[in-house]
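Peer 1: With the input below, show me the fold.
(one chain, ligands or ions: 2)
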Amino acid sequence: MKIQSASVIVTSPGRNFVTLKIVTDEGLYGIGDATLNGRELAVAAYLNEHVIPCLIGRDPHQIEDIWQYLYKGAYWRRGPVTMSAIAAVDTALWDIKAKAANMPLYQLLGGKSRTGVMVYAHANGRDVPETVDRVGAYLEKGYKAVRAQSGIPGVAGVYGVAKGKGAFYEPATRGLPEESVWSTEAYLDFAPQLFEAVRVAHGMNFHLLHDVHHRLTPIEAARLGKSLEPYRLFWMEDPVPVENQESFRLIRQHTTTPLAVGEVLNSIWDCKDLIEEQLIDYIRTSVVHAGGITHLRRIADLASLYHVRTGCHGATDLSPVCMGAALHFDLWVPNFGVQEHMEHNPETDAVFPHAYSFKDGYMHPGETPGHGVDIDEELAAKYPYNPAYLPVARLADGTLWSW
Ligand SMILES: O=C(O)[C@@H](O)[C@H](O)[C@H](O)CO
Ligand SMILES: [Mg+2]
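Peer 2: Ligands and ions are numbered 1, 2, ... in the order given. Predicted coordinates:
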């Protein structure tokens, strides 16, 4: 079998997605997600201009060699653009290999290690009562794990809170990046009240998660972790910016609230110290942003040596193609923790027909050969690229902060 052609499909059924399609001389094809929210066309160009020409004529079964060729062969290593492009190739090749074997992808990884993949939903509210209600709505739908985010009194446009009415949270906006305000002081005082209210209303018998979204310093994060201990969080995500891996040691010295990090990391080297020094509990690297199935598996194996479990990023800015691939990975990976799940809108689900499904808090990738997600190219063409950016955050005095 040989790779005959490859193409990049950019579509925007409500938000932008980049998909790589690799076609073989035997008629089999595979697809991979290459979406990098707010920087989509950089990955599309990287693939079109620099990667696709290197793929033509290669044996698609040589997934490992092609991965090494694209990684070492670029000379310029790591980073979100490079690793998302390599991930798209890798995911498409696993899709082809599994289709050729006439098996669902998880079978090629080693078979299933569990009956279903526990996923967590996003409960977002403008205030405490609204967030409490939304948590309840997800529990009624059967979710075993829910992430809670809430507006903070006196702080406009907080991360995780939908603008206007409705629960649908989409931070990326058209035009230039939106500006939101941040106050660490208000947040640290408010957060324990939110989780107190959620536990009082819904009890302790479900997993409760929270995303701090890189906003604190280590000592502030330590204080937050301590103050949330009575509410027994499943995890506190991204308490501080992750560039300084060492900073997690200080948080850990002060609190038993578990820590989750890694949605912005792209390689095993980016999270090596976090894992080896046992500074975190969950690693959130994803199929699309961390080099595909081949590389994510390597990260998970390293993590398994140190009691670190997986908790793959799965917001709606990762396409259904990534979700499908992630669910195969999750069904197999021995040190699985949880999988993030936000429902895509109906337009996106129609562009990407998929075999995965949700039932009673668990997802399953389905039994379709490959990763089970396809793209309807005719429908995709009806939604042209629509430039959008993630927001930025500033303090009250205008200082630029981490969003
Ligand atoms: O944990 C999450 O789902 C978030 O951090 C989002 O992925 C981020 O806001 C980018 O859209
Ligand atoms: Mg996050």
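
Peer 1: Name the single longest helix found in the protein.
Peer 2: Assignment by DSSP state H gives helix 80-100 as the longest helix of the chain.

Peer 1: could you give me the average pLDDT of that one?
Peer 2: Averaged over helix 80-100, pLDDT sits at 98.

Peer 1: And it, what does it pack against?
Peer 2: In this structure, helix 80-100 packs against strand 17-24, strand 29-33, helix 40-45, helix 63-73, helix 105-109, helix 292-304, helix 320-332, with contacts taken as 3 or more Cβ pairs under 8 Å, 6 or more residues apart in numbering; DSSP states H and E. Yep, even glycine has a C-beta here, placed from its N, CA and C like the rest.

Peer 1: and that helix with strand 29-33, angle?
Peer 2: If you take axes from the mean of the first three to the mean of the last three Cα atoms, to 10 degrees, helix 80-100 sits at 150 degrees to strand 29-33.

Peer 1: Put the alpha carbons of helix 80-100 into CSV.
Peer 2: Provided in CSV are the C-alpha atoms of helix 80-100 (Å, rounded to 0.1, in the frame of the first residue of the first chain):
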residue,chain,number,x,y,z
PRO,A,80,1.9,23.2,19.0
VAL,A,81,2.0,23.8,15.2
THR,A,82,4.5,21.0,14.4
MET,A,83,3.0,18.6,16.9
SER,A,84,-0.6,19.1,15.7
ALA,A,85,0.5,18.6,12.1
ILE,A,86,2.4,15.3,13.0
ALA,A,87,-0.7,14.3,15.1
ALA,A,88,-3.0,14.7,12.1
VAL,A,89,-0.7,12.4,10.0
ASP,A,90,-0.4,9.9,12.8
THR,A,91,-4.2,9.7,13.5
ALA,A,92,-5.0,9.3,9.8
LEU,A,93,-2.4,6.5,9.5
TRP,A,94,-3.8,4.7,12.5
ASP,A,95,-7.2,5.1,10.9
ILE,A,96,-5.9,3.5,7.7
LYS,A,97,-4.2,0.7,9.5
ALA,A,98,-7.2,-0.2,11.5
LYS,A,99,-9.5,-0.1,8.4
ALA,A,100,-7.0,-2.3,6.6
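
Peer 1: Quick check: bridge partners of the residue in the chain that ligand 2 sits nearest to?
Peer 2: Nearest to ligand 2 in the chain, going by Cβ to the ion, is D211, at a distance of 4.3 Å. Per DSSP bridges, the residues bridged to D211 are E237.

Peer 1: Might you report the residue contacts of it?
Peer 2: Taking Cβ atoms under 8 Å, 6 or more residues apart in numbering, we find D211 in contact with 147, 149, 159-160, 237-238.

Peer 1: what sits against I63?
Peer 2: Going by Cβ under 8 Å, 6+ apart, I63 touches 90, 93-94, 97, 294.

Peer 1: Give me the average confidence score over stretch 163-181.
Peer 2: Mean per-residue pLDDT for stretch 163-181: 80.

Peer 1: now do stretch 374-386
Peer 2: pLDDT averaged over stretch 374-386 gives 98.

Peer 1: try stretch 333-345
Peer 2: Mean predicted confidence for stretch 333-345 is 97.

Peer 1: what's the span of it from first residue to last?
Peer 2: End-to-end distance of stretch 333-345 (Cα to Cα, to the nearest Å): 28 Å.

Peer 1: Those residues of the stretch 101-250 of the chain touching ligand 2, which are they?
Peer 2: The stretch 101-250 of the chain comes close to ligand 2 at residues D211, as judged by Cβ under 5 Å from the ion.

Peer 1: all strands for the stretch 101-250 of the chain, in order.
Peer 2: Taking DSSP state E, counting those that start in this stretch as the criterion, the stretch 101-250 of the chain carries its strands at 117-125, 145-150, 173-174, 179-181, 207-211, 235-237.

Peer 1: To T316, which of those lies closest?
Peer 2: For T316, the closest of the strands of the stretch 101-250 of the chain is strand 117-125, at 9.1 Å, according to Cβ to Cβ.

Peer 1: Mind putting the strands of the stretch 101-250 of the chain into JSON lines with distance to M83?
Peer 2: Compiled in JSON lines, the strands of the stretch 101-250 of the chain are given as follows (distance: least, Cβ to Cβ, whole Å):
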{"stretch": "strand 117-125", "distance to M83": "23"}
{"stretch": "strand 145-150", "distance to M83": "25"}
{"stretch": "strand 173-174", "distance to M83": "25"}
{"stretch": "strand 179-181", "distance to M83": "28"}
{"stretch": "strand 207-211", "distance to M83": "22"}
{"stretch": "strand 235-237", "distance to M83": "20"}
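
Peer 1: weakest of the ones you listed by average pLDDT?
Peer 2: Of all these, strand 173-174 has the smallest average pLDDT, which comes to a mean of 88.

Peer 1: Check whether it comes near ligand 1.
Peer 2: No: Strand 173-174 stays out of contact with ligand 1 when judged by Cβ under 6 Å from any ligand atom, the minimum separation being 11.7 Å.

Peer 1: helices or strands up against that strand?
Peer 2: Applying 3+ Cβ pairs under 8 Å, 6+ apart, one finds that strand 173-174 contacts strand 388-389.

Peer 1: buried sites along stretch 383-402?
Peer 2: 383, 388-389, 393 (16 or more other Cβ atoms under 10 Å).

Peer 1: Ends of that stretch, what's the gap?
Peer 2: Using Cα to Cα, the two ends of stretch 383-402 sit 31 Å apart.

Peer 1: thinking Y169 is in contact with G157, fair?
Peer 2: No: using Cβ atoms under 8 Å, Y169 is not in contact with G157; the gap is 11.8 Å.

Peer 1: Which part of the stretch 301-403 of the chain gets nearest to ligand 1, residue-wise?
Peer 2: Nearest residue of the stretch 301-403 of the chain to ligand 1 (Cβ to the nearest ligand atom) works out as A315 at 3.4 Å.

Peer 1: Let me know the secondary structure of T316.
Peer 2: Using DSSP: H, G, I helix; E, B strand; the rest coil, the structure places T316 in coil.

Peer 1: before we move on, the earlier item: now, the most widely separated pair of the buried residues of stretch 383-402?
Peer 2: The largest separation in the buried residues of stretch 383-402, counting by Cβ to Cβ, is between Y383 and A393 at 29.1 Å.
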